[in-house]
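Visitor: Here is a sequence together with a model predicted from it:
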Amino acid sequence: MSLGRHLRELWQFRLGLIAAVTLALLAAVWSVGTISLFPPHVKSRKLEMAAAQTRVLIDTPKSAILDLSVSTYDFQAYTNRSLLVANIMASPPVRGYIARRAHVPAGVLQVASPVTPDFPRPLASDGEKHSSDILKSPDAYRLSIQSNPTVPVADVYAEAPTAEAAQQLANGAVDGMKDYLRDLAASQQIPDKEQVHLVQLGRAKGAVIDPGISAKVALLTFLLVFAVASASVLFLNRVREGWIREKRKSEALAHAPELG
């Protein structure tokens with residue numbers, strides 16, 4: 001009942017209603033796009049994000065998975081080696097290899113190293129963060145490397161503006177790490193049979209994680225701004241009507257003696 005009364009009151013004040021709707025529409029457009037007056041145009045803002053995931057087995061040239069002579073202690077050593085590889089994958093030297101494979105500038109790539117009970121915070125750092133990073137988040141390229149604490153497996157999670165970019169980033173993390181290890185082995189002349197081998201357990205496939213987010217943000221912004229603007233219009237209108245009533249009362253009291 002109260003909402004209906006307010007809407008009826010707002011409908012009677014057409015100029016205020018038009019102003020509230022206009023302001024809400026402008027806010028909705030601004031929330032999903034960039035408005036420019038010179039020259040006049042609206043550029044769509046990228047809000048959707050996509051993700052992809054892949055898994056990597058840290059193995060030896062002679063697969064430890066198939067070799068029955070490999071003991072439990074050997075697997076623990078391989079698991080520790082997996083954590084080392086995952087941390088190296090998140091380090092700045094490898095970032096360039098990953099960026100080339102993913103076809104993105106190395107400067108926009110953010111990588112988080114594994115988190116373990118012994119190290120509850122990521123060891124790798126991507127530099128100083130700023131509050132403006134929140135506005136840039138949909139356009140960011142992020143990698144999160146997680147190391148399994150019980151088996152020599154690392155999980156790679158990628159986020160990017162599009163599903164294709166997220167897929168390329170996840171696969172590029174594995175391929176880039178392989179490139180880095182191959183170049184490092186070549187520079188130190190380490191035979192292939194003594195090298196760590198990365199086995200990707202299926203290529204990554206990207207998918208949008210928040211479809212329709214632009215329409216949702218625009219609608220939510222419109223409703224919030226319209227509600228605030230309408231409340232402000234009603235408040236100002238009531239203040240105006242109250243001022244008019246008080247003015248009329250004052251004028252009536254001023255003319256009361258003359259009427260008597």
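Guide: On my side now, so go ahead.
Visitor: Got the domain ranges for the chain?
Guide: 2-44+213-259, 50-208 (automatic domain parsing).
Visitor: Doesn't Val151 belong to a helix?
Guide: No: applying DSSP: H, G, I helix; E, B strand; the rest coil, one finds Val151 to be coil, outside a helix.
Visitor: low pLDDT regions in the stretch 151-260 of the chain?
Guide: Applying pLDDT under 70 to the stretch 151-260 of the chain flags residues 213, 251, 254-260.
Visitor: residue ranges of the strands in it, please?
Guide: Using DSSP state E, counting those that start in this stretch, the strands found in the stretch 151-260 of the chain span residues 153-160, 197-200, 207-208.
Visitor: Output the first one as CSV, restricted to C-alpha atoms.
Guide: It refers to strand 153-160. C-alpha atoms of strand 153-160 as CSV (Å, rounded to 0.1, in the frame of the first residue of the first chain):
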residue,chain,number,x,y,z
VAL,A,153,49.9,-33.2,-9.2
ALA,A,154,49.5,-29.4,-9.7
ASP,A,155,46.2,-27.7,-10.6
VAL,A,156,46.2,-24.7,-12.8
TYR,A,157,43.3,-22.3,-12.6
ALA,A,158,43.1,-19.4,-15.2
GLU,A,159,40.8,-16.4,-15.4
ALA,A,160,40.6,-14.1,-18.5
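Visitor: after the biggest strand by length in the chain, next one along is what?
Guide: Longest strand in the chain by number of residues (criterion: DSSP state E): strand 50-59. Next in sequence after strand 50-59, counting helices and strands by DSSP states H and E, comes helix 72-89.
Visitor: Identify the residues contacting the closest residue to Val104 other than its chain neighbours.
Guide: Once flanking residues are discounted, Val104 sits nearest to Tyr141: 5.3 Å by Cβ to Cβ, 6 or more residues apart in numbering. For glycine as for every other residue, the C-beta is placed from the backbone atoms N, C-alpha and C. Residues near Tyr141 by Cβ atoms under 8 Å, 6 or more residues apart in numbering: Ala102, Val104, Val108, Leu109, Gln110, Ala158, Glu159, Ala160, Ala165, Leu169.
Visitor: which one of the residues you listed is nearest Val85?
Guide: Lowest distance from Val85 to the contacts of Tyr141 (Cβ to Cβ) belongs to Ala158, with 17.2 Å.
Visitor: From Ala86, how far off is that closest one?
Guide: 14 Å (Cβ to Cβ, to the nearest Å).
Visitor: So what sits opposite the residue nearest to Val104 in the bridge?
Guide: Leu109 (DSSP bridges).
Visitor: Pull the number of nearby residues for the spatially closest residue to Leu25 that is not a sequence neighbour.
Guide: Taking Cβ to Cβ, 6+ apart, and ignoring the residues beside it in sequence, Leu25 has Phe222 as its nearest neighbour in space, at 6.8 Å. Neighbourhood size, Phe222 [other Cβ atoms under 10 Å]: 19.
Visitor: now Phe222: how far from Gly16?
Guide: 17 Å.
Visitor: same thing with Tyr78?
Guide: Distance from Tyr78 to Gly16, by Cβ to Cβ: 71 Å.
Visitor: can you pull the contacts of Ser232?
Guide: Taking Cβ under 8 Å, 6+ apart, one finds Ala20 in contact with Ser232.
Visitor: Can you give me the distance of it to Ala215?
Guide: 26 Å.
Visitor: quick one: Pro211 and Ala163 touch, right?
Guide: No: applying Cβ atoms under 8 Å as the test, Pro211 and Ala163 come out as separate, 10.2 Å apart.
Visitor: more crowded one of these two?
Guide: The neighbour count for Pro211 versus Ala163, taken as other Cβ under 10 Å, is higher for Ala163 (18 against 11).
Visitor: Identify the residues contacting the more buried one.
Guide: Taking Cβ under 8 Å, 6+ apart, one finds Ala50, Ala52, Gly206, Ala207, Val208 in contact with Ala163.
Visitor: partner residues bridging the first one?
Guide: Think Ala50. Ala160, Val208.
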